[in-house]
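> this is the structure alone, sequence omitted:
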Ligand SMILES: Cc1cc2nc3c(=O)[nH]c(=O)nc-3n(C[C@H](O)[C@H](O)[C@H](O)COP(=O)(O)OP(=O)(O)OC[C@H]3O[C@@H](n4cnc5c(N)ncnc54)[C@H](O)[C@@H]3O)c2cc1C
Ligand code: FES
Ligand code: FES
């Protein structure tokens, strides 16, 4: 299990990164935390000619808070999210990603760019309509999460583009519920809910190819007071709308049922005063 | 549950393990750590198909980049094949090529090998080999008819079938008050030691001498087999198993890859060849286990006594008859021990080993019994349910009682334990059965998460002597081991033992045994194991045999050495031979109050360095070699009980209590015994809840990485409460093996607890949350 | 490519292909074979080392990436006079290892945990050590050992008395 040969360049600016990728003409890949990319290389599932190490680019590891929004540099590590005081939701989410040794390397930009449907951060990004600042040879563009994720492990990023920054609202209240086989595993079902600008949002990961925003449930939640019945109805609606498939770990029926159960749990966490998601 | 007695000698105590310092400081010597001058690295190309004809291989591109490329059709490879032998009349002998030739029989089978300056380059080169395949329909399920048989000699894929019969099953069923029938299946999983396989082979440049460093559990067996396969004098083959990162049976096999590397080394004399298996290879191609189906029928009398057991057992043995254990290893163990620790007079079992296009099955901790215990215990629960008695009472009624021992099982194995009831009652007491019942009721009344209790009782057949074989009739009997113990010139003691260790602390426990047998401090004993050039003989680590057999040999040689020492010391100190003792390395005379006569070091010096002082009639040196064979085996009684809470919304299980009581006989080292039990329960739980090697219809392994093959972590394994019984066994140390028992319980316990909590039956392993939830629906 | 970094407090300089993992460089180029490889895809934890004070999978990092970093492996746990770290002693006393293959990674992960949390409960230990798989011990001895080492280190910090060792 050894990687095929590649050339390696460590860049110290986003411009150099993008230039190196552009020069590689589709045959270059960014190396961030390496926690997804290194196994892919080791199994020879990818064999880029050039690996561009972005870990030395200064200024991309900052977390900023401003006016109800939170900004994350692409190189903010999962452990930094876990330890930051600004967003309890992000701290909670980071705690569910792998294990300490994974969290000390894995990055925000990497997780979102990798677009694993079972990964937690893409769910957060989709839930909060995160805006990714993406730099390419032509300059910077801002991509909303909804326009970024195409399918499992597929995004609309070009080969020579780099996510440099992620910006999202810091929710007023939130709920997080995940079902995984073992502690630290990718979620079979991850449901995150959040109250943003007085609107409840619900997003489900681990089921479809991309994180699923349960818009109908969100409408139900908006239509009246959040009593137990409404929460139950919202969960049912989310489960009915989600696209599920069977795999090694569970059948589609089970996944759908769990989508409902974990939406319920996330919403309860977000709305029960004694629970941690309540602001 | 603590131990009270404080032993005087080294045996029975927890001592600092001799292995620990090097392993804790990063200085272990694993095969993967070995670095030799001019060493080259091997990588295998493996079949992407479960079943395919090999039409051709083009290695020209690869050859240009590396030292050598080998394929199965080269004469040096095709002239060697592995044929696991058995004298069972129904056994169909098949051959396993060391690199696939003609066709591939499972995905992951090695089809070519390259030798390069490092592993990276070797992996580069295997990508340049062009193999031309014609895919064939694959068979992955053992109880389905094959379209194309795996081996020509076995058109129905059945390599062996045997019937066990005792009593009159039909008559007994006719008279039974209740008869239950079930189909149960168990999940293919594997030992997966944290260190994968690793091999270094060096064929001497000039002489026909081979040295093999290997993580093998069976170095002497490997030496014997390699000598025969490669036409070498046995004394010219040296097998060294240094520190080994876990084995669990997986490494008790002589693999095609091992032999292929030796053949490659012969072609490249003087160049050490190293292969370190990676995890993807390991999951694909190291021995699997436990892919079984049980069609069970059990009768009960109206009061709940078992009247008859009938079983039809099919074991998926994979693509080859595992060398040298044969395709019989699992089916015969299953048929022989299915009735477990229960009184059964009427028994009929047909058991078969079926070859398929999957990785071959081999020994894995507990061999077949995690499955048979699951089958048997599930049937008891089903019977109890029908009879309206409790899971606990049906066991109490049927366990082999103390006064029935020696008890001849229906498969004719002789049980010497009978302490099953004691083990069970200790568990029941520890778990607080009555409190459990109250809590279960309380939860039901309050609509809280349901809890259930599950039981498993089992007998672990350990330390099998020559008369107690439970397996296929192979051309060797593994009943004995040898041990050499000597006093060195400085008075320290060296043990050359035929045992091997993959973590079981044999260096430590052999030192404890010898220290007491000779009469020296534990610290003065040094143990050398795992090298066929040092120990005379040992079959190695499997079937929980080493504490009994290797320990017995160490004890016998130690005692004989003590006699030899005392004879010499008596002559040196001029006291009557019967009136001298050796304690803690010092000689004492008859008078208890007298000072020491001298030290072992003094006498040892005379024995080696100062022959001028040797009394008349004594030869120099102090050394003894003894074999030991217990002739029969020692059964270890075991029971496990757990309380499990179920999240009915998700099917997730939360283990609240897990209790295990086992009989290790006389305990050599309490901490090591507990460690063996805890480790094997964890593996059992892995199999019950998480681990599953899944093939798709075409024979591709869907669980090819540790992201899909889930081994339990510290978070999944509950706090384990371990209790002990100690019925001394009939062997020199009184010990019973405990290496495997822990794995036998979890399948059955978890199934029982789910049934007890929810009234649903879980007959197909593993018990994932999804399956539990679906069973509830 | 030339890479230089501090390994257990000593500067090392090696010349490696970019694709060479840190684990392979430690084991093969520097002969520090205490760091083990159990999966090479980040799951088992056997290869866990400290890079600049953070636990890191050495199988998922390329050696070229540690240029200028400080790396601690199991070989660096003992003090210079050969005295074992409290965790090493505790692992031995509590039978936290059998075959020892997972042990180097376990020790590093445990060290990281005890850096972050002074007195983790058994449940916390079980959670935080879950990134390291042990196939032998059933984790009992490992949890015991981390718990014991935490106590000893705390006692050491509060009294400066050396922790009591094992006597036999
Ligand atoms: C054992 C284990 C368990 C894990 N468990 C979880 C889990 O439970 N939940 C979870 O979410 N994740 C888990 N992960 C994955 C981990 O979170 C990764 O860190 C993450 O998915 C990828 O981030 P990275 O920084 O490591 O990216 P890398 O692995 O370096 O890169 C991943 C991909 O993204 C690209 N990329 C990286 N950065 C950028 C960028 N800034 N712009 C554009 N493209 C970029 C790379 O080219 C590559 O294709 C686990 C990993 C392991 C090994
Ligand atoms: S070898 Fe690195 S995590 Fe397994
Ligand atoms: S001690 Fe063997 S894997 Fe942990």
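Arrived safely. Just so we're clear, the structure is a prediction, and the values are computed from it rather than from any experiment. Ligands and ions are numbered 1, 2, ... in the order given.
> so what does the helix ranked longest in chain A touch, helix or strand wise?
In terms of residue count, the longest helix belonging to chain A (DSSP state H) is helix A:252-271. The contact analysis (3 or more C-beta pairs under 8 Å, 6 or more residues apart in numbering or on different chains; DSSP states H and E) places helix A:252-271 against strand A:173-179, strand A:189-196, strand A:199-205, helix A:228-241, helix B:769-776. Placement of C-beta: from N, CA and C, glycine included.
> deepest-packed of the ones you listed, please.
Of all the helices and strands packed on helix A:252-271, strand A:189-196 carries the top mean neighbour count, a mean of 28, counting by mean count of other C-beta atoms under 10 Å in any protein chain shown.
> so what touches it?
The contact list for strand A:189-196 (C-beta atoms under 8 Å, 6 or more residues apart in numbering or on different chains) reads A:89, A:93, A:96, A:118, A:120, A:123-124, A:127-128, A:169, A:171-179, A:200-207, A:238, A:255, A:258-259, A:262-263, A:265-267, A:269-270, A:277, A:279.
> quick one: it to strand A:199-205, angle?
Counting by axes from the mean of the first three to the mean of the last three C-alpha atoms, to 10 degrees, strand A:189-196 points 160 degrees away from the direction of strand A:199-205.
> adjacent strands (with direction) for strand A:189-196?
Note on strand A:189-196: by DSSP bridges, its sheet partners are strand A:173-179 (antiparallel), strand A:199-205 (antiparallel).
> redo those strands as TSV? Include mean pLDDT and distance to residue C:61.
Listed next are those as TSV, based on pLDDT from 0 to 100; distance: least, C-beta to C-beta, whole Å:
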stretch	mean pLDDT	distance to residue C:61
strand A:173-179	97	27
strand A:199-205	97	27
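> between those, which gets nearest to ligand 3?
Nearest of those to ligand 3, taken as C-beta to the nearest ligand atom: strand A:173-179 at 27.7 Å.
> does that closest one reach ligand 1?
No - applying C-beta under 6 Å from any ligand atom, one finds strand A:173-179 separated from ligand 1 by no less than 8.8 Å.
> stretch A:98-105 near chain C at all?
Yes - remark: stretch A:98-105 sits within contact range of chain C at A:98-102, A:104-105, by C-beta under 8 Å from any C-beta of the partner chain.
> ranking by neighbours, what's the top pick from those?
Using other C-beta atoms under 10 Å in any protein chain shown as the neighbour criterion, residue A:101 leads those with 29 neighbours.
> what mean pLDDT does the helix or strand where that residue lies get?
Here residue A:101 sits within helix A:100-103, counting by DSSP states H and E. Taken as a whole, helix A:100-103 has an average pLDDT of 98.
> what does that helix rub up against?
Here helix A:100-103 makes contact (C-beta under 8 Å, 6+ apart) with A:35, A:77-79, A:82, A:94, A:97, A:184, C:42, C:45, C:48, C:55-57, C:109, C:112-113, C:128, C:131.
> where does the spatially closest residue to residue B:746 that is not a sequence neighbour fall, helix, sheet strand or coil?
Setting aside the residues directly before and after it, residue B:746 is nearest to residue B:684 in space (C-beta to C-beta, 6 or more residues apart in numbering or on different chains), at 3.4 Å. With DSSP: H, G, I helix; E, B strand; the rest coil as the basis, residue B:684 sits in helix.
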